[in-house]
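J.: Starting from these lines, generate the structure:
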Amino acid sequence: MHILPFCLLCFIIVKVQSQTLQNVSDDELLQLIKEEEKLIVLFSKPNCDVCNKLEQNLDSMYDDFVKHMNALTVKAVNSHLSRLYSPTKEPAVVFFRHGVPLLYDGEPGENELYGFLEKNQTPAVKELTDKIFEHMTQAATGATTGDWFVMFYGASCVECQRLHAVWESVGATLRGRINVARVDANLAGLNTAKRFKVAKLPAFLFFRLGKVYRYDLPKRDIKSFVSFAQDWYKNSKGESVPLLSSPFDELVDWCVEMIKFSIAFGLDILARYPWIWQIGLAGFGLVAITALIALIKAGKTKPKEVKKEKKSK
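T.: As a prediction, this is how the structure comes out:
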């Protein structure tokens, strides 16, 4: 009589455990990101009602993610990696596609969550370089490929890395309406960054109908970016898109940069080794004094002109 209840209890425990997301450490998570083609991660924390709600919904959709999307779902509690993908910390759902993160910014409901992830199984943000930027965007030649919202980033820029998942979400939200892209301002997109005078990273430029609008708002969240691209850009000053530089322009720019570098290098050397300019100044002074003395002596030893006496008639 006691065997049946016991078996039923064991079945319930196993069933509950099978529906609980696997909790992984940061090292395990990094390994999964490298190995898994598609990975859904819930960044969670204890005593969080919204976290629990998201976990329940992800639990219930676990089999659907595996069957229809071939995606594994795990959770990471109090992970130090959460700030790298979600500036607002926990809770956060991040969808990795071949290592490219996508931050979910919608409601915790099952339909909204599943629909967003299912529709964005491939990255939405395009990677542009100097070679293909103008061809893809046609920023200065007519913009027949549509509007473009471009993020200029650098590999050594920590803030750029933190916005990677956010920018992917911007691209996913605007997919089919506005093109969203990235440009490495330090490597493959160095000349493009110079063309648009990008001095500080990250930088966000919106291209529309031959004009470029700079995103200078303090907020760097998904809703603010999307709002700017859809309508808010009208409140900022539009600049004419500069034409591509000719080989002569590039040569002139290179010469100017070399002159600036030489001056900066010289000033740096003089600041580090002040005795150099002191010796140079002393040498210049010595040459000047020597030249002055030589001029004075030359004036004293100048031969006197002999006046010829007029012959008497």
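
J.: make it CA atoms for all contacts and neighbour counts henceforth
T.: Will do.

J.: And the strands in the stretch 1-150 of the chain, which stretches?
T.: 22-23, 38-44, 72-77, 92-97, 100-103, 126-128, 148-153 (DSSP state E, counting those that start in this stretch).

J.: Dump the ones you listed to JSON lines, plus distance to Leu113.
T.: JSON lines is the format used below for the strands of the stretch 1-150 of the chain (distance: least, C-alpha to C-alpha, whole Å):
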{"stretch": "strand 22-23", "distance to Leu113": "19"}
{"stretch": "strand 38-44", "distance to Leu113": "11"}
{"stretch": "strand 72-77", "distance to Leu113": "13"}
{"stretch": "strand 92-97", "distance to Leu113": "9"}
{"stretch": "strand 100-103", "distance to Leu113": "11"}
{"stretch": "strand 126-128", "distance to Leu113": "23"}
{"stretch": "strand 148-153", "distance to Leu113": "25"}
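
J.: I'd like those laid out as CSV, including distance to Phe284, mean neighbour count and mean pLDDT.
T.: Shown next, in CSV, are the strands of the stretch 1-150 of the chain (distance: least, C-alpha to C-alpha, whole Å; neighbours: other C-alpha atoms under 10 Å; pLDDT from 0 to 100):
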stretch, distance to Phe284, mean neighbour count, mean pLDDT
strand 22-23, 74, 16, 96
strand 38-44, 68, 25, 97
strand 72-77, 69, 21, 96
strand 92-97, 66, 24, 97
strand 100-103, 62, 24, 97
strand 126-128, 53, 17, 98
strand 148-153, 48, 25, 98
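
J.: My guess is Val180 contacts Val150. True?
T.: Yes: using C-alpha atoms under 8 Å, Val180 is in contact with Val150, at 5.9 Å.

J.: mind checking which of the strands of the stretch 1-150 of the chain is nearest Ser224?
T.: For the strands of the stretch 1-150 of the chain, the distance to Ser224 is smallest for strand 148-153, at 12.8 Å, taking C-alpha to C-alpha.

J.: and the closest one, which strands flank it?
T.: Partner strands for strand 148-153, per DSSP bridges, with pairing direction: strand 179-184 (parallel), strand 203-208 (antiparallel).

J.: contacting residues around the helix or strand just after it?
T.: Once the chain leaves strand 148-153, the next helix or strand it forms, by DSSP states H and E, is helix 158-162. With contact meaning C-alpha atoms under 8 Å, 6 or more residues apart in numbering, helix 158-162 is reached by Arg83, Leu84, Tyr85, Ser86, Pro87, Tyr153, Gly154, Ala155, Leu201, Pro202.

J.: In ChimeraX, select just the buried ones from those residues.
T.: Buried residues within the contacts of helix 158-162, by 16 or more other C-alpha atoms under 10 Å, are selected in ChimeraX with:
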select :83,84,85,86,87,153,154,201,202
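
J.: out of the contacts of helix 158-162, which are inside helices?
T.: Arg83, Leu84, Tyr85 (DSSP state H).

J.: Present these as a markdown table; the columns should include pLDDT and distance to Leu267.
T.: Compiled in a markdown table, those are given as follows (pLDDT from 0 to 100; distance: C-alpha to C-alpha, whole Å):
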| residue | pLDDT | distance to Leu267 |
| --- | --- | --- |
| Arg83 | 88 | 41 |
| Leu84 | 90 | 39 |
| Tyr85 | 91 | 42 |
